[in-house]
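**Student:** I would like the atomic coordinates for the input below:
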Amino acid sequence: MAKVTVKLFGVLRVDTGLATSEVSANKLGDIFKFVNEEITEIYEERHRDDPELERPDAISFSDAIVYINGKRCPRKGRKLSDGDEIWLMSPASGG
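**Tutor:** Numbers count the residues shown, from 1 in each chain. Sure thing, here's the model as predicted:
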């Protein structure tokens, strides 16, 4: 398994409360399981202090624009290497 750094940006960061995480995974698609586990832990910690806090939805590959080491990565099955930095960005929207 590769040890990688995952960084969340935009609405993904705001909604989940997670900015950065160290994850061990073989391929890009695997990181979402670990990231969602951390999001659940963050929610449970905050929920003790705020019972009205809404649980964030789990995020998936289709919810994010993904970059690995500064380059866009459209493939969920991409193999990871030790030291990779993965950015998960919320899709742009506006109006």
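
**Student:** what's the longest strand in this structure?
**Tutor:** If you go by DSSP state E, the chain has its longest strand at strand 2-9.

**Student:** got the buried residues for it?
**Tutor:** 2, 4, 6-8 (16 or more other CB atoms under 10 Å). Backbone N, C-alpha and C define where each C-beta goes, glycine included.

**Student:** tell me the one of those residues nearest residue 39?
**Tutor:** The shortest approach to residue 39 among these belongs to residue 8, at 9.2 Å (CB to CB).

**Student:** residue 86: which element?
**Tutor:** Assigned by DSSP states H and E, residue 86 belongs to strand 85-89.

**Student:** need the contact partners of that strand.
**Tutor:** 4-10, 12, 23, 28, 31, 35, 59, 64-70, 80 (CB atoms under 8 Å, 6 or more residues apart in numbering).

**Student:** repeat the analysis, applying 7 Å as the threshold.
**Tutor:** Identification of contacts with strand 85-89 by CB atoms under 7 Å, 6 or more residues apart in numbering yields 4-10, 12, 31, 64-69.

**Student:** same check on stretch 55-62?
**Tutor:** By CB under 7 Å, 6+ apart, stretch 55-62 touches 12, 15-16, 29, 32, 35-36, 39, 43, 76.
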